[in-house]
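# just the structure for this:
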Amino acid sequence: MSVVPTPTPRKASSADVDALAITLSGAFDDDPLTVWLFPETERRRRKLPTFFRSLLRASLPFGEVYTTDEAKCAAIWNPPGTFPMGWYIDTKLGITTTRLVGPRIAVCAQGLMYFASHHPKERHWYLQMLGTEPASQSRGLGSAILGPVLERCDREGERAYLESSKERNIPFYARHGFAVTQEIQVPRGPVVWAMWRDPR
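Residues are numbered from 1 along each chain as shown. Next up, the predicted model:
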């Protein structure tokens, strides 16, 4: 019987951006939040790679984007004090999102601002995104790339935070020590579950 090797996490680089944008686009194709942003399927599949390329390029300088050798998964973390990411980066991301979303931006911007207003003020690591391409799911990739930061949080006594827009992902995060703290009903949008993790 063959033994499936344990995935090895590594930090992503600029050379990974295009591959990881495609990976995240597949992972979030049916996500309630991205479906709300881009309701039309074909439009969503055209626009998401550009959206994720922009987010990855903005996040890489913080040095906490993780993947594995095949780039079939991605975890985008913000270290404490780096979210929001600063007026320049946030403005660039806002311009990109406005261009991609188009006429729906008025509704979406209101919802996203409400969503952001619930972000905790306490010091924490923020998991902005975690995604694995559908064909590579259930192979331990997500757990592998969460490991480096969660181990650091435990070692240094730091807390972590995320929002899950898929209810079925809550048990996965719970296994890694996260607990739901509130349900956020995005105005005219989906429900998002805020989850908090104290160090172990």
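# in terms of secondary structure, what does the helix ranked longest in the chain contact?
Using DSSP state H to assign secondary structure, the helix with the most residues in the chain is helix 41-59. The helices and strands touching helix 41-59, judged by 3 or more C-beta pairs under 8 Å, 6 or more residues apart in numbering; DSSP states H and E, are helix 17-27, helix 32-37, strand 73-78, helix 87-101, strand 125-132. In this view, the C-beta of every residue, glycine as well, is placed from N, C-alpha and C.
# what about 10 Å?
helix 17-27, helix 32-37, strand 65-67, strand 73-78, helix 87-101, strand 125-132 (3 or more C-beta pairs under 10 Å, 6 or more residues apart in numbering; DSSP states H and E).
# what residues of the following helix or strand past the fifth one count as buried?
Read in the C-terminal direction, the helix or strand following helix 87-101 is helix 105-116, with elements assigned using DSSP states H and E. For helix 105-116, the buried set under the neighbour-count rule, 16 or more other C-beta atoms under 10 Å, comprises Ile105, Cys108, Gly111, Leu112, Phe115.
# make sure the second one is actually in contact with Val35.
Think Cys108. No - with contact defined as C-beta atoms under 10 Å, Cys108 does not count as touching Val35 (11.8 Å).
# re the thing from before, go through the helices and strands packed on helix 41-59 and name the closest to Thr50.
Counting by C-beta to C-beta, Thr50 lies closest to helix 87-101 out of the helices and strands packed on helix 41-59; the figure is 6.2 Å.
# any idea what the residue most central in space within the chain is bridged to?
Nearest to the mean C-alpha position of the chain, by C-alpha atoms, centre = their mean, lies Met129 at 0.8 Å. Note on Met129: beta-bridge partners by DSSP bridges are Ile76.
# quick one, what contacts it?
If you count contacts by C-beta atoms under 10 Å, 6 or more residues apart in numbering, Met129 has them with 20, 24, 27-28, 52, 55-56, 59, 65, 74-77, 162.
# what mean pLDDT does stretch 56-72 have?
The average pLDDT for stretch 56-72 rounds to 96.
# ok, stretch 181-190 next?
93.
# how many neighbours does the closest residue to Glu122 other than its chain neighbours have?
Distances taken as C-beta to C-beta, 6 or more residues apart in numbering place Arg159 nearest to Glu122, at 6.7 Å, with adjacent residues excluded. A count of nearby residues for Arg159, using other C-beta atoms under 10 Å, gives 15.
# same question for Leu48.
23.
# i'd like the first residue to be 47 from this point on
Okay, using 47 as the starting number, the last item reads as Leu94.
# surely it meets Ala67?
Yes - between Leu94 and Ala67 there is a contact at 7.9 Å, judged by C-beta under 10 Å.
# which residues do these two both contact?
Common contacts of Leu94 and Ala67 (C-beta under 10 Å, 6+ apart): none found.
# got the contact list for the residue nearest to Glu168?
With C-beta under 10 Å, 6+ apart, Arg205 has these contacts: Pro126, Pro166, Glu168, Arg169, His170, Trp171, Cys199, Trp242, Arg243, Asp244, Pro245.
# noted, bye for now.
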